[in-house]
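Novice: The amino acid sequence is not available; the structure is as follows:
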């Protein structure tokens, strides 16, 4: 006889909006696609907490230190410049 545990697998995209009691996660390096901190956040946040998450293998800690998207970084910088300009103009006209 074999002891079996029923389980199923799906992608981080498919798991959005769901809460899963126990999560077994593989966030290691792949050859098919690049992982971003967004992927990892969605994957790890499906669980009720740290106690119910199990990692299949080690992962690269740099994943959490890199900006997830160069386009997003540029847009964020542009928005920050607009906020500074708006604040400067407001302060100069309402002083």
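Specialist: Cool, got the structure. Source: prediction; values computed, not measured.

Novice: show me the contacts for residue 18.
Specialist: Contacts for residue 18 (C-beta atoms under 8 Å, 6 or more residues apart in numbering) come out as residue 46. In short, each C-beta sits where N, CA and C put it, glycine included.

Novice: Test my guess that residue 27 contacts residue 64.
Specialist: No. The pair residue 27 / residue 64 is not scored as a contact, 10.4 Å apart, by C-beta atoms under 8 Å.

Novice: For those two, indicate the residue with more neighbours.
Specialist: residue 27 (18 against 11; other C-beta atoms under 10 Å).

Novice: who touches both of residue 27 and residue 64?
Specialist: Common neighbours of residue 27 and residue 64 (C-beta under 8 Å, 6+ apart) are residue 40.

Novice: could you pull out the strands for the protein?
Specialist: 23-25, 53-55 (DSSP state E).

Novice: Going by mean pLDDT, which of those comes out lowest?
Specialist: Mean pLDDT per stretch puts strand 23-25 lowest among these, at a mean of 85.

Novice: Pick the most deeply packed of the strands of the chain.
Specialist: strand 23-25 (a mean of 16; mean count of other C-beta atoms under 10 Å).

Novice: Distance from that strand to the middle of the chain?
Specialist: Distance of strand 23-25 from the chain centroid (C-alpha atoms, centre = their mean, to the nearest Å) equals 15 Å.

Novice: That strand - contacts with which helices or strands?
Specialist: Here strand 23-25 is seen to pack against helix 37-44, strand 53-55 when contacts are counted using 3 or more C-beta pairs under 8 Å, 6 or more residues apart in numbering; DSSP states H and E.

Novice: Quick one: the ones you listed as a markdown table, columns for distance to residue 10 too.
Specialist: Shown next, in a markdown table, are those (distance: least, C-beta to C-beta, whole Å):
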| stretch | distance to residue 10 |
| --- | --- |
| helix 37-44 | 10 |
| strand 53-55 | 16 |
